[in-house]
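>>> Got a predicted structure plus its sequence, pasted below:
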Amino acid sequence: MESAHGSPVLTDPVPISKSRLGIHSSLLTFSQLDQPMSPTTSKYTRSGSRKSTASLDDVRFNGWLDAMKASSPPRKKLLKGSCIQVASIDNEIEDNISWMQLNYPSALDCFDKIIEHAKNKKIAMFLDYDGTLSPIVDDPDCAFMSEAMRATVRSVAKYFPTAIISGRSRDKVYDLVKLTELYYAGSHGMDIIGPDSDSLSKVHPDYVKSTDNQGKEITLFQPAREFLSMIDQVFKTLVEITKDIKGAKVENHKFCVSVHYRNVEENNWKTIGQRVHDVVKDCPRLRLTHGRKVLEIRPVIDWNKGKAVEFLLESLGLTDRDNVLSIYIGDDKTDEDAFKVLRDSKRGFGILVSSIRKESNAFYSLHDPKEVMKFLQLLVNWKRQQGRKQLI
């Protein structure tokens with residue numbers, strides 16, 4: 001069965017001029033586009049020592065260090081032969097599962113209830129990538145989805161309009177997923193490939209019409225395009241000033257920058273946090289957010305994964321319809337904006353992927369990518385059965 005949802009173009013069309021981004025200019029209080037930072041003039045020497053006299057306690061005063069620790073629960077290390085520690089960890093896992101089940105019931109256990117809501121409705125699927133379709137790994141470049149998961153997502157896209165909304169760059173997440181049946185939104189929704197829609201011009205004048213590799217019309221929307229130069233300069237600076245910190249990894253996601261400290265010794269977290277702080281504090285048009293052992297620098301614009309969901313629903317012509325049920329599955333703090341949009345609109349629900357306690361705007365939960373795949377397979381099987389019934 002061929003997908004009816006089109007294939008994404010993999011390259012950008014003609015660049016958008018600054019004037020086309022006027023709708024967002026009121027959100028930006030200061031411009032540094034003409035004052036790029038140079039990695040060769042950073043505050044750090046080759047050894048990483050600071051030339052300035054500011055204290056490393058800056059990261060404590062503004063709460064960054066606490067946030068880094070809170071968003072990065074330590075791994076459990078078992079002592080060989082320690083039955084007491086094993087029992088303690090088992091009890092903690094059971095407590096976490098019980099708490100999650102009470103507050104965010106399993107989407108697998110509640111599948112029949114979910115399907116009851118989906119009857120006579122069109123389902124729109126939105127998926128995060130890392131921690132949802134692939135496991136969280138030490139090296140983000142090795143976060144590969146399994147072939148079984150790829151086949152499952154392909155099947156989902158055959159029956160439902162499906163988009164992946166990731167913090168990664170759009171090109172990178174496509175390289176990992178390798179499915180043309182989907183729509184892609186990278187950089188936390190700041191780089192979207194979606195279907196073409198004439199109605200978008202009334203709500204989002206800052207988008208570009210283009211064609212995909214098969215000649216179908218699609219939409220490219222990049223609300224933070226004027227930040228490209230700034231983000232690139234910040235990326236180069238962060239690479240330079242963190243290269244002496246063992247385990248640090250900096251990624252350029254086109255419209256945002258990620259600084260991973262998953263493989264950094266905890267006694268160096270304050271150092272890496274301070275250095276990121278020094279860069280961001282000099283860029284009032286950028287802001288910092290926290291993920292799972294990652295610091296992310298993004299443009300200060302009113303845009304997030306929730307806005308991306310709304311944009312994609314609009315481009316699919318599903319915004320003003322009562323017979324649409326949207327499902328968003330994600331594991332990260334940045335997915336909460338999408339969960340909230342669906343909860344507040346009462347036209348869908350979020351599914352949180354987590355095996356530990358998390359406060360969330362989601363309705364349901366799944367423990368890990370394996371359960372995500374099982375849920376998606378149940379959804380596909382249900383849709384196939386519905387199709388068979390209609391043929392009888």
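That came in fine, so what should we check first?
>>> where do the helices sit along this structure?
In order along the chain, the chain carries the following helices (DSSP state H): 22-25, 58-61, 64-70, 83-103, 111-118, 147-159, 170-177, 200-203, 228-242, 269-280, 305-315, 336-345, 369-391.
>>> which one of these lies closest to His188?
His188 sits nearest to helix 305-315 of all the helices of the chain, at 5.7 Å, using CB to CB. Every residue, glycine included, has its C-beta placed from N, CA and C.
>>> what angle sits between that closest one and helix 336-345?
Relative orientation of helix 305-315 with respect to helix 336-345: 60 degrees, computed using axes from the mean of the first three to the mean of the last three CA atoms, to 10 degrees.
>>> so what does helix 305-315 touch, helix or strand wise?
strand 122-127, strand 162-165, strand 183-186, strand 191-195, helix 200-203, strand 324-330, helix 336-345 (3 or more CB pairs under 8 Å, 6 or more residues apart in numbering; DSSP states H and E).
>>> Please state the mean pLDDT value computed over it.
If you average the pLDDT over helix 305-315, you get 94.
>>> Can you give the contact residues for it?
Taking contacts as CB atoms under 8 Å, 6 or more residues apart in numbering, the residues outside helix 305-315 that touch it are 124, 126, 163, 165, 183, 185, 188-190, 192, 194-197, 199-200, 203-204, 219, 221, 319, 324, 326, 328, 330, 334-335, 337-342.
>>> Quick check: Gly348 vs Asp335, distance?
Spatial separation of Gly348 from Asp335 under the definition CB to CB, to the nearest Å is 13 Å.
>>> typo on my end, Ala185
12 Å.
>>> Those two: who's more crowded?
Neighbours around Ala185 and Asp335, counted as other CB atoms under 10 Å, are more numerous at Asp335. The numbers are 31 against 25.
>>> Quick check: the more buried one touching Asp128?
Yes - with the criterion set as CB atoms under 8 Å, Asp335 and Asp128 qualify as a contacting pair; they are 5.4 Å apart.
>>> Just give me the neighbour total for Glu240.
With neighbours defined by other CB under 10 Å, the count for Glu240 comes to 19.
>>> before we move on, the earlier item: now, of the helices of the chain, which is deepest in the fold?
Across those, averaging neighbours per residue (mean count of other CB atoms under 10 Å) puts helix 305-315 on top, at a mean of 24.
>>> ok now that one, how far from the chain's centre?
Between the mean C-alpha point of helix 305-315 and the mean C-alpha point of its chain there is a distance of 14 Å (CA atoms, centre = their mean, to the nearest Å).
>>> Convert the C-alpha atoms of that helix to CSV, please.
Listed next in CSV are the C-alpha coordinates belonging to helix 305-315 (Å, rounded to 0.1, in the frame of the first residue of the first chain):
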residue,chain,number,x,y,z
LYS,A,305,7.4,21.4,19.5
GLY,A,306,3.8,22.3,20.4
LYS,A,307,3.8,25.1,17.8
ALA,A,308,5.2,22.6,15.3
VAL,A,309,2.3,20.2,16.0
GLU,A,310,-0.2,23.0,15.4
PHE,A,311,1.6,24.0,12.2
LEU,A,312,1.6,20.4,10.8
LEU,A,313,-2.1,19.9,11.7
GLU,A,314,-2.9,23.1,9.9
SER,A,315,-0.9,22.1,6.8
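>>> so that helix versus strand 122-127, what angle?
Note on geometry: by the same axes, to 10 degrees, helix 305-315 and strand 122-127 are set 140 degrees apart in direction.
>>> Let me know the angle separating helix 305-315 from strand 191-195.
For helix 305-315 and strand 191-195, the angle between their directions (the same axes, to 10 degrees) works out to 20 degrees.
>>> Give me the angle between helix 305-315 and strand 324-330.
Helix 305-315 runs at 150 degrees relative to strand 324-330, counting by the same axes, to 10 degrees.
>>> what touches both of Gly348 and Asp335?
Where contact means CB under 8 Å, 6+ apart, the residues bridging Gly348 and Asp335 through contact with each are Tyr328.
>>> ok, Phe375 to Ala157 distance?
Taken as CB to CB, the span from Phe375 to Ala157 is 15 Å.
>>> nope, Lys172 is what I meant
19 Å.
>>> what do you get for Lys358?
Distance from Lys358 to Ala157, counting by CB to CB: 28 Å.
>>> Next: Pro369.
The gap separating Pro369 from Ala157 is 17 Å, by CB to CB.
>>> Tell me the pLDDT of the closest residue to Ser326 other than its chain neighbours.
Excluding the flanking residues, the one nearest Ser326 by CB to CB, 6 or more residues apart in numbering is Gly348, at 3.1 Å. The score at Gly348 is 95. That number is its pLDDT.
>>> what do you get for the one 10 residues further on?
At Lys358 the predicted local distance difference test score is 88.
>>> so what's the residue nearest to Ser326 up against?
With CB under 8 Å, 6+ apart as the criterion, the residues that contact Gly348 are 124, 324-328, 342.
>>> quick one: which two of those residues are the most distant?
The farthest-apart pair in these, when distances are taken by CB to CB, is Val324 and Tyr328, at 13.0 Å.
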